[in-house]
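Student: Curious how this folds, go ahead:
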Amino acid sequence: MMDAAKFTGIVSGGVAGGGSYFDIACNRNLSDGTNMSVDSTKTSTWGASLAMYLDSSSVASSDSPTGVGVREVASAVAIGSSVGHSVFRSGPVNHALNEDALALALMDRSFRIQGLRDYDQWTLDLRHLIMGEPFAQGAFGKLYRGTYGGEEVAIKLLERPENDPERAQSMEQQFAQEVMMLASLRHPNVVRFIGACRKPMVWCIVTEYAKGGSVRQFLSRRQNRSAPLNIAVRQALDIARGMAYIHGLGFIHRDLKSDNLLICADRSIKIADFGVARIEVHPEGMTPETGTYRWMAPEMIQHRPYTQKVDVYSFGIVLWELITRMVPFQNMTAVQAAFAVVNKGARPIIPSDCPPLIGEIMTRCWDADPDARPPFNHVVKMLENVQTEITTSVRRARFRWCVSHPMTID
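Tutor: Prediction:
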């Protein structure tokens, strides 16, 4: 297990029996301006996915959970106003943006980089960072495309709220949490961490760039065209294997959804956005309102203690998306969906033509009883069985076609 004492910002608390748990306890109720994204089309203050895509839908959201619209933020100077005029100092700035306060604050060499303590090996060398245009933003940060040492990367920048010490502390805790987790994760189906750095006015996290966009965008682009079943199962397997690895290290993602799943150049799926992820040790200490309602397990919606099984629930919804290409509960608002899930036991309708084995995985994953949901290592095995069945069925179909259409020689 990770040692919270190694990284500033991670709060350690004791529990009965001499054990300990780690909690970033940074979310608030919705009425207080929570940083939870309540719909797949909204941008959260911190948890904006590192889904490195340039689709305009990522920038076109009209509102965010904090009540600050993306368009409003984009048109207002407020996103960088608290950075202050002092950042606009003379000197070389190694980026393509001339009027971006966050980028200037990061790249201004007159501000010293603050260390990452026991993660110093991950500290970025800003001489090798070239920033491109921003493509998505929330109330306190932006996502950029750029290069680092010649490699195409995704860059997340967060502004430190100068006039809100409580929120500043919360955001720094989340920054610390995400750096700690990303530095710990090494798996083909988890987004690769490149580095991070802190400056007095801004925090920065850099990861690999996923050229294929998010799974949600992939599904939206197909519109009414069905994705081949073998592709859907392969994508589901990538996600399940990545989550089995994450859970094996004792982590919970807490915001698993199609927007946070990225498609790389080799078409593999990688799990991203660990801004609200945390270490699981003592579930009673967990902050309840994280994640996104359409994918959120009922125990989390109800503010009950929860475990890693909330991610399994979310995976069941994602699997349904992969099969149907639809947004879950698309005819409801996010809050209506949450009410229906908790009070009416509502779940997305499984299509009649869905293979029974896949339908069984969905229903088991989104079971109302967390203990009845299978762990991800079991999900992987079930999906591998489905994959084998699909391959066998295709071979049988090809054989039947060949028998019915024998080859002839002129």
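Student: Could you look up the SS state of Val386?
Tutor: helix (DSSP: H, G, I helix; E, B strand; the rest coil).
Student: State the three-state secondary structure for the closest residue to it other than its chain neighbours.
Tutor: Excluding the flanking residues, the one nearest Val386 by C-beta to C-beta, 6 or more residues apart in numbering is Leu357, at 4.9 Å. Heads up, the C-betas are built off the backbone N, CA and C, glycines and all. Following three-state DSSP, Leu357 is assigned to helix.
Student: Tally up the residues packed near Leu357, please.
Tutor: For Leu357, the neighbour count with other C-beta atoms under 10 Å is 14.
Student: All further residue positions should be reported with the first residue as 223.
Tutor: Happy to do that; since the first residue is 223 now, the last one works out to Leu579.
Student: Tell me the spacing between it and Pro597.
Tutor: Per C-beta to C-beta, to the nearest Å, Leu579 is found 18 Å from Pro597.
Student: Arg339 now?
Tutor: 33 Å.
Student: How about Phe496?
Tutor: Distance of Phe496 to Pro597, given as C-beta to C-beta: 20 Å.
Student: Then Leu605?
Tutor: For Leu605 relative to Pro597 (C-beta to C-beta), the value is 13 Å.
Student: Can you pull out the low-pLDDT segments for the protein?
Tutor: By pLDDT under 70, the low-scoring segments of the chain are 223-321, 360-362, 445-449, 498-513, 616-632.
Student: Can you show me the helices along it?
Tutor: Secondary structure of the chain (DSSP state H): helices at 292-297, 300-303, 323-329, 387-406, 437-444, 451-470, 520-523, 531-546, 556-565, 578-587, 598-626.
Student: Tabulate those helices in a markdown table, adding columns for distance to Ala376.
Tutor: Listed next are those as a markdown table, based on distance: least, C-beta to C-beta, whole Å:
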| stretch | distance to Ala376 |
| --- | --- |
| helix 292-297 | 18 |
| helix 300-303 | 19 |
| helix 323-329 | 14 |
| helix 387-406 | 12 |
| helix 437-444 | 15 |
| helix 451-470 | 17 |
| helix 520-523 | 27 |
| helix 531-546 | 21 |
| helix 556-565 | 26 |
| helix 578-587 | 29 |
| helix 598-626 | 25 |
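Student: do you know which of the ones you listed lies nearest Gly372?
Tutor: helix 323-329 (17.5 Å; C-beta to C-beta).
Student: Show me the domain layout of the chain.
Tutor: 226-430, 437-618 (automatic domain parsing).
Student: you'd agree Ile523 is up against Tyr515?
Tutor: Yes - contact criterion C-beta atoms under 8 Å: Ile523 and Tyr515 qualify, at 6.9 Å.
Student: Between these two, point out the one with more neighbours.
Tutor: Tyr515 (24 against 21).
Student: Relative to Thr546, how far out is the more buried one?
Tutor: Taking C-beta to C-beta, one finds Tyr515 at 18 Å from Thr546.
Student: cool, and Ile491?
Tutor: The value you get for Ile491 to Thr546, if C-beta to C-beta is used, is 17 Å.
Student: Compare those two and say which is more crowded by neighbours.
Tutor: Comparing Ile491 with Thr546 by other C-beta under 10 Å, the one with more neighbours is Ile491, at 27 against 18.
Student: How about stretch 451-470, which residues are buried there?
Tutor: 451, 454-469 (16 or more other C-beta atoms under 10 Å).
Student: If you could redo that for stretch 605-619, that was the one I meant.
Tutor: Applying 16+ other C-beta under 10 Å to stretch 605-619 flags 605, 608-609, 612 as buried.
Student: residues contacting the residue lying closest to Ala562 once chain neighbours are set aside?
Tutor: Distance criterion C-beta to C-beta, 6+ apart; nearest residue to Ala562, sequence neighbours excluded, is Ala568 at 3.7 Å. Ala568 sits next to 551, 559, 562 when contact means C-beta atoms under 8 Å, 6 or more residues apart in numbering.
Student: And for His409?
Tutor: His409 touches 463-464, 467-468, counting by C-beta under 8 Å, 6+ apart.
Student: Likewise for Tyr366?
Tutor: Contacts of Tyr366 (C-beta under 8 Å, 6+ apart): 325, 353-357, 376-379.
Student: Looking at the residues you listed, which is nearest Gln530?
Tutor: For these, the nearest to Gln530 is Lys378 (24.9 Å; C-beta to C-beta).
Student: List the contacts of that closest one.
Tutor: Taking C-beta under 8 Å, 6+ apart as the test, what Lys378 contacts is 270, 272, 363-366, 426-429.
Student: Filter those residues down to the ones in strands?
Tutor: 363-366, 426-429 (DSSP state E).
Student: would you list those residues in a markdown table and tack on distance to Gly538?
Tutor: Shown next, in a markdown table, are the ones in strands among the contacts of Lys378 (distance: C-beta to C-beta, whole Å):
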| residue | distance to Gly538 |
| --- | --- |
| Gly363 | 30 |
| Lys364 | 32 |
| Leu365 | 28 |
| Tyr366 | 33 |
| Cys426 | 35 |
| Ile427 | 29 |
| Val428 | 32 |
| Thr429 | 26 |
